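Chemist: Fold the following.
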Amino acid sequence: MLELSRDRHRYPAPAKINRFLHVTGRDADGYHTLQTVFQFLEWGDVLDIRVRDDRRIQLDGGVSGLATQDNLVWRAAMLLQEYSGRAAGAEIRVHKQIPPGSGLGGGSSDAATTLVVLNHLWELGLGTDELCGLGLRLGADVPVFIHGRACFAEGRGEKMRDVAPDEGAVCVFLPDAHSSTAAVFARPEMKRDRAPIPLEDWPQAVQTAHNDCEAAAEAETPELGKIAAQLRSAAAFHMSGTGAAYFALAPDREKLRTIAGLVGAVPGRVVTSSVTNLSPLYMKLCAASSAAGS
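Modeler: Residues are numbered from 1 along each chain as shown. All right, here's what the predicted structure looks like:
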């Protein structure tokens, strides 16, 4: 088992992008079903985590104005504590970089990092599938961050098969606006009946980069449509998830700087990073494991 220090350490909670997003229908419970390819960014939130000897879960930071009991980090820690019966607690501080309502999976990633790291720090020994099952109770995107590898996902996002899209540089644009997933899915513009594609067709879908949520999100928040037009006049920007963030891939850092410069005057925030097929969280855990074994 991986041994990590009980001192406070920092752990990544990376952002994700959807290389495409197709909405294929609804399941028996009324949830929308989808097909997508997830990849991770080297940029995202950061969690400071330290084990406590009592059962207290202490949470600091995170989304301003969000009640502790509604925070996915706190809920994840409490769920894992209850599920495992472990008597230990934790002190967790969330350093937020990923805006809420951006479609980059910030809350889900924070919850996944909490589950994965506390599983190790509390020495629970739960497997990935078991953790993904817990994560799905918290949100549809949580399992992919626990899985930690780029994947073709179906269903609510919980049916995952590893794939390896091209990695590289990415420009992420964060508008001065947010998007509500519930509101986007309620829009009449939302296409809900796209024919599912077979697994082997994922590379073509990635190249097309179509997002069925894009038209509905831009209709729900007209400001996004105006921003998208400005972005797309500069480069091939695509919406991630239900928005409001857009991303454009670049073949190299020089092209990335060019794209970032072209959209610098659009109201919002520009982030440059790298796209990776292995979550930075797992890169850190693997490094810690190697150091512990040397």
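Chemist: can you map out the strands along the stretch 151-294 of the chain?
Modeler: Taking DSSP state E, counting those that start in this stretch, the strands of the stretch 151-294 of the chain run over residues 151-155, 159-162, 168-175, 238-239, 246-250, 268-276.
Chemist: What values do phi and psi take at the residue sitting nearest the centre point of the chain?
Modeler: The chain has residue 105 as the residue nearest its centroid, 3.1 Å off, counting by Cα atoms, centre = their mean. The phi/psi pair for residue 105 (degrees, to the nearest 10) reads phi 80, psi 30.
Chemist: And the one 5 residues further on, by the same measure?
Modeler: For residue 110, the backbone dihedrals (degrees, to the nearest 10) come out as phi -60, psi -40.
Chemist: For this protein, which segments are assigned as helices?
Modeler: Remark: helices assigned in the chain by DSSP state H are 72-84, 106-121, 128-138, 142-147, 181-186, 202-208, 214-220, 222-232, 253-262, 280-293.
Chemist: Residue 19 is nearest to which of those?
Modeler: helix 202-208 (4.5 Å; Cβ to Cβ). Any C-beta I mention is one placed from the backbone N, CA and C, and that applies to glycine too.
Chemist: Need the CA coordinates for that closest one. PDB is fine.
Modeler: Listed next in PDB are the C-alpha coordinates belonging to helix 202-208 (Å, rounded to 0.1, in the frame of the first residue of the first chain):
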ATOM      1  CA  TRP A 202     -14.000   8.000 -31.100                       C
ATOM      2  CA  PRO A 203     -11.000   9.500 -33.000                       C
ATOM      3  CA  GLN A 204     -13.400  10.900 -35.700                       C
ATOM      4  CA  ALA A 205     -15.600  12.400 -33.000                       C
ATOM      5  CA  VAL A 206     -12.600  14.000 -31.400                       C
ATOM      6  CA  GLN A 207     -11.700  15.600 -34.700                       C
ATOM      7  CA  THR A 208     -15.200  16.900 -35.200                       C
END
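Chemist: and it, what other elements does it pack with?
Modeler: Applying 3 or more Cβ pairs under 8 Å, 6 or more residues apart in numbering; DSSP states H and E, one finds that helix 202-208 makes contact with strand 9-26, strand 32-52.
Chemist: quick one: that helix to chain centroid distance?
Modeler: Chain-centre distance of helix 202-208: 20 Å, with Cα atoms, centre = their mean, to the nearest Å.
Chemist: what does stretch 15-35 give?
Modeler: Distance, centroid of stretch 15-35 to centroid of chain: 14 Å (Cα atoms, centre = their mean).
Chemist: and what of stretch 167-184?
Modeler: Relative to where its chain is centred, stretch 167-184 has its mean C-alpha point 11 Å off (Cα atoms, centre = their mean).
Chemist: First-to-last residue distance for that stretch?
Modeler: Distance across stretch 167-184, first residue to last, is 29 Å (Cα to Cα, to the nearest Å).
Chemist: from here on, count from 345
Modeler: Okay, residue one is now 345; in that scheme the one you just asked about reads as stretch 511-528.
Chemist: how about it: buried residues?
Modeler: Using 16 or more other Cβ atoms under 10 Å as the burial criterion, the residues of stretch 511-528 that qualify are 513-519, 521-525, 528.
Chemist: Kindly reformat the residues you listed as JSON lines and extend each row with pLDDT and distance to residue 560.
Modeler: Below are those laid out as JSON lines (pLDDT from 0 to 100; distance: Cβ to Cβ, whole Å):
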{"residue": "513", "pLDDT": "97", "distance to residue 560": "29"}
{"residue": "514", "pLDDT": "98", "distance to residue 560": "24"}
{"residue": "515", "pLDDT": "98", "distance to residue 560": "24"}
{"residue": "516", "pLDDT": "98", "distance to residue 560": "21"}
{"residue": "517", "pLDDT": "98", "distance to residue 560": "19"}
{"residue": "518", "pLDDT": "97", "distance to residue 560": "20"}
{"residue": "519", "pLDDT": "95", "distance to residue 560": "16"}
{"residue": "521", "pLDDT": "86", "distance to residue 560": "15"}
{"residue": "522", "pLDDT": "85", "distance to residue 560": "15"}
{"residue": "523", "pLDDT": "90", "distance to residue 560": "10"}
{"residue": "524", "pLDDT": "92", "distance to residue 560": "11"}
{"residue": "525", "pLDDT": "91", "distance to residue 560": "10"}
{"residue": "528", "pLDDT": "95", "distance to residue 560": "5"}
